[in-house]
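A.B. asks: Next input, structure requested:
(chains A, B, C and D)
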Amino acid sequence: MQTMRRKLMSVLLILVMSLYAVSTVSAQDGTGYPTDDDVNRIAKQLYCPVCPNTPLDVCETKACEDWRAQIRDQLSWGWTDQQVIDYFVAQYGERVLAEPQRKGFTSLVWFLPLIAILVGAGIVYEILKGWRAQRLAPRATAPPQIAPEVLEKIERELREMD
Amino acid sequence: MTQAPMNEQGAQPPPTPGRKKFGVTITFTIILTFLALMAWGLKRAQAGPLDKGLAPDFTITGFDGKTVTLSELRGQVVIINFWASWCPPCREEAAYLEETWRKYEGKGVIFIGVDWVDTEKEAFAYIDEFDITYINGPDIGTRIAQAYNIQGVPETFFVAKNGELRGVHIGPMKYPQLDEKIDELLAEQYP
Amino acid sequence: MELGAILIGLVILILSLLFLMAPFKPGKRKKVKPAAANPAAERAAALAALRDLDFDFKTGKVSEEDYPSLRVRLLAEAARYIQQEEANEADIEARIQARKRTQGKSSTAYCPHCGKPVIVGDLFCTSCGSRLEVMTAEAS
Amino acid sequence: MIEDIGLITLTIAFTFSLYATFVSAYGGWRGYEAWVESARNAVLLVFPLLTISVVIVVYALYTLDFSLAYVYDVSSQAMSPFLRVTALWGGQQGSVLFWAWMMAGFVAVVLVRKWERDREMMPYFIATAMLTTTFFVGVVLFITNPFMRLWHIEGADELTKALFQPANSMPYFPEDGGGLNPLLRHFGMIGHPPTTYLGFTGFVIPFSFAIAALITGHSRGDEWIRTTRRWTLVAWIFLSIGLILGGRWAYDVLGWGGFWGWDPVENAMLMPWLTGTAFLHSVMMTEKRGMMKKWNMILIILTYSLSLFGTFITRTGVISSVHAFSKSALGPAFFAFIGLTFLGSVTLLYLRWDTLKSEHTLESFISRESAFVLQNMLFLAITFAVFWGTVFPLISELVTGTKITVGPPYFQKATGPLFFVLVLLMGVAPLFAWRKQAMRALGKAIWIPFAGSLGITALWGYVHRMHPASILGLWLVTLTLSLILAEFWKGVQARCAARGENPLTALFNLIGRNHRRYGGYIIHIGVVLIALGFIGDANFKMETQGTVSSGESLTVGDYQLRFEQLRGYHGSDGREIVEAVTTLSQGGEAIRNLNPRRDYFVVQQQPVTIPGVYSTPGKDVYVLLVGWDDTGKSATFRIYVNPLINWVWIGGVMMILGTIIAAWSNPAQREATYVIRPEVLTTQPVPQEG
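C.D. replies: Residues are numbered from 1 along each chain as shown, chains lettered A, B, ... in the order given. Okay, the predicted model is just below:
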């Protein structure tokens, strides 16, 4: 078990190290479409397929640079944003999408909070209604008699508190 | 998880026993379900790559357009190597893998290279660079990687003649690790 | 592991154990201060509620129609606490005096279990019935 | 030798916390005073014992005793002495020890301060709090021990970590260690872990008192709320500081121009903060009106369980995250403990459910009470949305076998509207009086700020041609802020009128005599300012990326960034630095030189991108050096213009200030931290006298 874990660790290490291997960017050729901003616009909507939970546009690994280069190529071939994203999903799985899809089982991630909020609002209303039902019957309007010296004491203490 | 207690809170004035019981049941069901989910997640997070039992079947289409299906390779030893072009350790073993493949080609051994989350351009360059001749194809949608539960690349799985996994090697391989393993698997009787 | 470390550890352990076991030492029984029975807190609460109401009125959060009735209610409440407190004090004082006269003892103490006042020399607490020998021993 | 002493004190500490847990529970159950006292003494010993262990680990880190595996992992010669000390929480072993130590400290302080009061609850308080402490100390001792040494076994390729010498082994003394993860070498990471841990562990106090109240049946009296109010505030503010420092760290170090990424680990920290905030508010309902007693229990159990859950997902890798510690063997132990805590406390609550009788009466829907309930509901709704988004990838994988990511877009869309209502409520709710609020008075109070803020934002939006959503956001902030400030204004006015004080004295006295109320308002102002930062970040952010040659400029908004040259040099702690010299100008006028750089840590093989930032209250211009060509003639930059982002930090400071005021006890009213008995008010007839 011990060795197994160490092995795993070393693999993770290898993975991480390899991700960071080389990280220089060569000047882009020409100035026309697609620009870095065009690439980032799409990369922003995607997550790096190998790194834990990192958006593709800010990911610094070699692999992510390759992917951004790939997006650039695809854009220069005239692909639309959606085509590029669809390609990524098909190629690397649904986990590359930053925003979960709204179909199939995944749509639950959107619906359940909505349902929960509606149910919650209903419950709040029920609670408040229940409390209100327990409201006391209106009191007798006659003010209770309080001994003047006690009243005096209360007022004095109130003044002291301020 | 957040709502069930609310049901009870909301059950003023004095809740009917049925309603309260319902709330309690819901609450505990939710808690237990949640704990079960976490237990499953923990088990998954702690599990290493698959290393025994029947190797999960898959069909892979190589970059050259040829297709191979694992279950149709019974009787042969299969070496499945996961790699990616952006991974330096993969480069360390690439030449050794190709060399070994050439040594055993036609002797009842099949090599399959599974290119994990990679870009085609860089993958082709990698294959050219090391002049790799065994079948290599992309892992579309990372389905194969998920089935084998790989933890990273490179990882190499050894499939015996009867289709069962006979272990996995994590990290780059060096001579003679692969040769020894192949010889051992070739020595097995099938059927 | 070196001997020096073990020795130092042993010393720490022994000192700690002594401290740990101190409460079990027979004879030296602990003193229990009275639990803070806090009638003043309730009164203060009522007064604070009054104060908040006055403040809310001054800052315009309570309307002129609502203010008098709410205030009267809170006043009545505060008054009741004050009267209760005074009555309690008077009552306790009276009882103490009565006991003093019959027993000839001079000081009061509090029950270690319920915190209610008890007469020194009594064997049992008049409120909760627990045994009071400790207090007796202390007073003598 | 000195490390051996640390190990010994750690072992004794574990034994004593175990002892305290069971002896206090037994003593409390049987009414044996001496047992409980002995348990208290044990608790009072655990803290100094753990302190010795902590000090020894710090000493080893400082003196670079690489025979300890932990020191070898996180410390190195190149690190400054200060960083070596902070390496205590730079890795798994040290941070769990640190955590256990803090928890023991909290419990010890409670016992010193509160021993004479709340005596009935104490045995169970000790038992609950020390059970948790025992768990953490046990984890340190048995699973992730910082005193493990490095050994070399004959013939083995790798080093072995063990406490005692394994067979056929030689002690191994490395020359140098790996050193702290480069990303953690930042002031935010120096403050963030300790404050976060203080926050997480601090909630053990209210939680344990709540459990003790449930066990003893004293929950009806709500003594536990009075006892723990300040503790809760302390835990809460530390959690808040931890969140803010974490955000600041992310902004400075992670190189993505943002401060909150909705990563699972960030969410895990946000969730207990949310429920903790709800708890702080619902407690007021109990104090003032005797309502929501069950609700308080649910909230504190939830808060504590969520903070344990947070540690669980941070340290086990169950949910993939940028910030996760490496996978470790802690998983099963943590899982068992969290399951036990959560199930146990909920079951206890269920058994005692009927003792928690509240007096629920509501005179009017338009009242402070309703506002509180609504507010609590909103907090829970946000918590649920965050929770759901955080665990959904796991559910998806379990049910469909597909891994998915739930990223910021989900969280922004799901929680954004709820936060909007919440901030609005923060402005409006304090206007409501308890019991009943006259509509006309409310209208009068709200009219001017409403119209004013609407006017200002409409004008602003018209001039700047902004997106409707952003106008809405700005309007919300303006309205809420003016409503809160109006509260101060009204209070000052009332004092001026009643006492003839001058406004400044009146303001001072106002806050001085009402710490809780006005401290709370100041916290609210802080939150509004943070909201402002978030709105700026979500709506007005601009960014561009491009490659330029020396002498060329990149443009974003009305800013230009001119690239002059690249230069490289060696850093002090083993980093290779490549720095770009650039000039930022606005409208053709040079403002400032910015030097974004990239530090490459050779040993760890890890780059860290350090932005060049031009910071003003209105906006930050945040420049990243993304890459360069080998000749150094051209470089790629990414420029973000982050409007209003500094208000997040300013708001954070306001929050801390407000919390200090709110937690400060009022000298004039020390006795007025009270439990009101509402049944007197509502169920008994008013005595008629005379």
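
A.B. asks: Might you report the residue contacts of residue D:487?
C.D. replies: Listed by C-beta atoms under 8 Å, 6 or more residues apart in numbering or on different chains, the contact partners of residue D:487 are C:59, D:430, D:431, D:521. Every residue, glycine included, has its C-beta placed from N, CA and C.

A.B. asks: With residue D:257 instead?
C.D. replies: Going by C-beta under 8 Å, 6+ apart, residue D:257 touches A:58, D:251, D:541, D:543, D:611, D:622, D:624, D:638, D:640, D:642.

A.B. asks: can you rerun that using 6 Å?
C.D. replies: Residues in contact with residue D:257, defined by C-beta atoms under 6 Å, 6 or more residues apart in numbering or on different chains, are D:622, D:640.

A.B. asks: and it, which of the three is it?
C.D. replies: coil (DSSP: H, G, I helix; E, B strand; the rest coil).

A.B. asks: got it, and the one 5 residues further on?
C.D. replies: Per three-state DSSP, the secondary structure class of residue D:262 is coil.

A.B. asks: phi, psi of it?
C.D. replies: When read as degrees, to the nearest 10, the backbone of residue D:262 gives phi 60, psi 40.

A.B. asks: wait, isn't it in contact with residue D:411?
C.D. replies: Yes - using C-beta atoms under 6 Å, residue D:262 is in contact with residue D:411, at 4.2 Å.

A.B. asks: The nearest residue to residue D:618 once chain neighbours are set aside: neighbour count?
C.D. replies: Closest residue in space to residue D:618, ignoring its immediate chain neighbours: residue D:643 at 6.6 Å, by C-beta to C-beta, 6 or more residues apart in numbering or on different chains. A count of nearby residues for residue D:643, using other C-beta atoms under 10 Å in any protein chain shown, gives 21.

A.B. asks: Please apply the same query to residue D:439.
C.D. replies: 10.

A.B. asks: From chain B, how far out is it?
C.D. replies: To chain B, residue D:439 is 26 Å away according to C-beta to the nearest C-beta, to the nearest Å.

A.B. asks: so what's the backbone phi/psi at the nearest residue to that residue once chain neighbours are set aside?
C.D. replies: Distances taken as C-beta to C-beta, 6+ apart put residue D:366 closest to residue D:439, at 6.5 Å, once the chain neighbours are dropped. Main-chain dihedrals, residue D:366, degrees, to the nearest 10: phi -100, psi 90.

A.B. asks: Tell me, what's the model's pLDDT at the residue nearest to the spatial centre of chain B?
C.D. replies: Centroid-nearest residue in chain B: residue B:148, 2.0 Å away (criterion: C-alpha atoms, centre = their mean). On pLDDT, residue B:148 comes in at 91.

A.B. asks: So which bits of chain C are right by chain A?
C.D. replies: Selection of chain C residues close to chain A by C-beta under 6 Å from any C-beta of the partner chain yields C:47, C:51, C:72, C:76, C:78, C:79, C:82.

A.B. asks: Compare the residues you listed and tell me which is most surrounded.
C.D. replies: Going by other C-beta under 10 Å, residue C:78 tops the residues of chain C next to chain A with 26 neighbours.

A.B. asks: what's that residue in contact with, if anything?
C.D. replies: Residues in contact with residue C:78 (C-beta under 6 Å, 6+ apart) are A:154, C:46, C:47, C:50.

A.B. asks: doesn't the second one fall inside a strand?
C.D. replies: What that stands for is residue C:46. No - under three-state DSSP, residue C:46 sits outside any strand and is assigned helix.

A.B. asks: In terms of helices and strands, where is the residue of chain B found nearest chain D?
C.D. replies: For chain B and chain D, the shortest gap (C-beta to the nearest C-beta) falls at residue B:41, measuring 4.0 Å. Secondary structure assignment for residue B:41, by DSSP states H and E: helix B:17-46.

A.B. asks: hmm, the helix or strand that that helix is followed by touching chain A?
C.D. replies: Heading C-terminal from helix B:17-46, the first helix or strand you meet, by DSSP H and E, is strand B:59-61. No - Strand B:59-61 is not in contact with chain A by C-beta under 6 Å from any C-beta; minimum separation 12.7 Å.

A.B. asks: Return the distance of strand B:59-61 from the chain's centre.
C.D. replies: Centroid separation for strand B:59-61 versus its chain: 15 Å, with C-alpha atoms, centre = their mean, to the nearest Å.

A.B. asks: Neighbouring strands - and their directions - for the helix or strand following it?
C.D. replies: Following strand B:59-61 in sequence order, the next helix or strand is strand B:67-69 (DSSP H and E). Its sheet considered, strand B:67-69 pairs with strand B:59-61 (antiparallel) by DSSP bridges.

A.B. asks: Pull the residues that contact the strand it pairs with.
C.D. replies: Contacts for strand B:59-61 (C-beta under 6 Å, 6+ apart): B:67, B:68, B:69, B:137.

A.B. asks: From chain B, how far out is the residue nearest to residue D:80 when sequence neighbours are not counted?
C.D. replies: The shortest distance from residue D:80 to any non-neighbouring residue, by C-beta to C-beta, 6+ apart, is to residue D:573 (6.9 Å). From residue D:573 across to chain B, the span is 25 Å (C-beta to the nearest C-beta).

A.B. asks: now swap in residue D:347 and tell me
C.D. replies: 8 Å.
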